[in-house]
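Q: sequence and predicted structure below; questions after.
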Amino acid sequence: MFIDEEQVASLERKMNERGYLEGSEMANTFNMLRANDLIWSFVINNYLLGRDPFPFDLLHWNCDSTRMPATMHSFYLRNMYMKNLLRVPGGITLAGVPIDLSKIDGADVLRLGDRGSHRAVEDHLRGPQLVGGKSRFVLSGSGHIAGMINPPSARSTAYWTSDKLPDAPGCVARRRETARGSWWENWRA
């Protein structure tokens, strides 16, 4: 949904000129996925209205960017994002070893999604079927960044769990009682 062959080819040409993807370009990509929150609110409030930036500690996450080697980033985008080959037995080979997640047996899996995420829902939900063992889907009540890093002391957040594979993340919230606090508590248990 967010990238196609033409965009990947263009990005590859740009990366191959210098050998890497600049960290600020990766940060800009994530900012554009949540443009109203991470771009336009700052343009309006800070630039147009002249207000001081609102203190927002989660933005430090966005400032922590790193350069991505061109070959690695291209491999990731093509094989794991566009083609989703990690789910295919032997679809990806690393260091001469074909990767087959179905050979992982007895590993319990916790798949974590969040209500404000831009990530592909189907892969969050189907992921536990790729390995053996018990699986649980947890839906965090916060957005993409806050939903992941809210510590157990953050009692103002909520999460929902399901040991059955839901049809969509919203189904988890409708079928289960709201648990107060961070999903970390559930994961630790």
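A: Received the coordinates, thanks.

Q: report the buried residues of stretch 93-111.
A: Leu101, Val109, Arg111 (16 or more other C-beta atoms under 10 Å). Every C-beta, even on glycine, is put in place using the N, C-alpha and C of the backbone.

Q: and that stretch, average pLDDT?
A: On average, the pLDDT along stretch 93-111 is 88.

Q: now do the same end-to-end measure for that stretch.
A: Start to finish, the residues bounding stretch 93-111 are 24 Å apart (C-alpha to C-alpha, to the nearest Å).

Q: and the contacts of that stretch?
A: 86-87, 89-92, 124-125, 127-128, 130-138, 187 (C-beta atoms under 8 Å, 6 or more residues apart in numbering).

Q: and which of the buried residues of stretch 93-111 is nearest to Gly23?
A: Distance to Gly23, by C-beta to C-beta, is smallest for Arg111 among those, at 27.8 Å.

Q: in the helix or strand hosting Phe75, what counts as buried?
A: Using DSSP states H and E, Phe75 sits in helix 70-75. Buried residues in helix 70-75, counted by 16+ other C-beta under 10 Å: Ala70, His73, Ser74.

Q: tabulate the residues you listed in CSV, adding columns for pLDDT.
A: CSV is the format used below for the buried residues of helix 70-75 (pLDDT from 0 to 100):
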residue, pLDDT
Ala70, 96
His73, 95
Ser74, 96
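
Q: C-terminal to the top helix by length along the chain, what's the next element?
A: As assigned by DSSP state H, the longest helix anywhere in the chain is helix 5-18. Next helix or strand after helix 5-18 toward the C-terminus (DSSP H and E): strand 20-21.

Q: output the contacting helices and strands for that next one.
A: Packing contacts for strand 20-21, counted by 3 or more C-beta pairs under 8 Å, 6 or more residues apart in numbering; DSSP states H and E, involve helix 5-18, strand 68-69, helix 70-75.

Q: packing partners for the helix holding Phe75?
A: Counting by 3+ C-beta pairs under 8 Å, 6+ apart, helix 70-75 packs on helix 5-18, strand 20-21.

Q: what lines up beside the last one in the sheet?
A: What that stands for is strand 20-21. strand 68-69 (antiparallel) (DSSP bridges).
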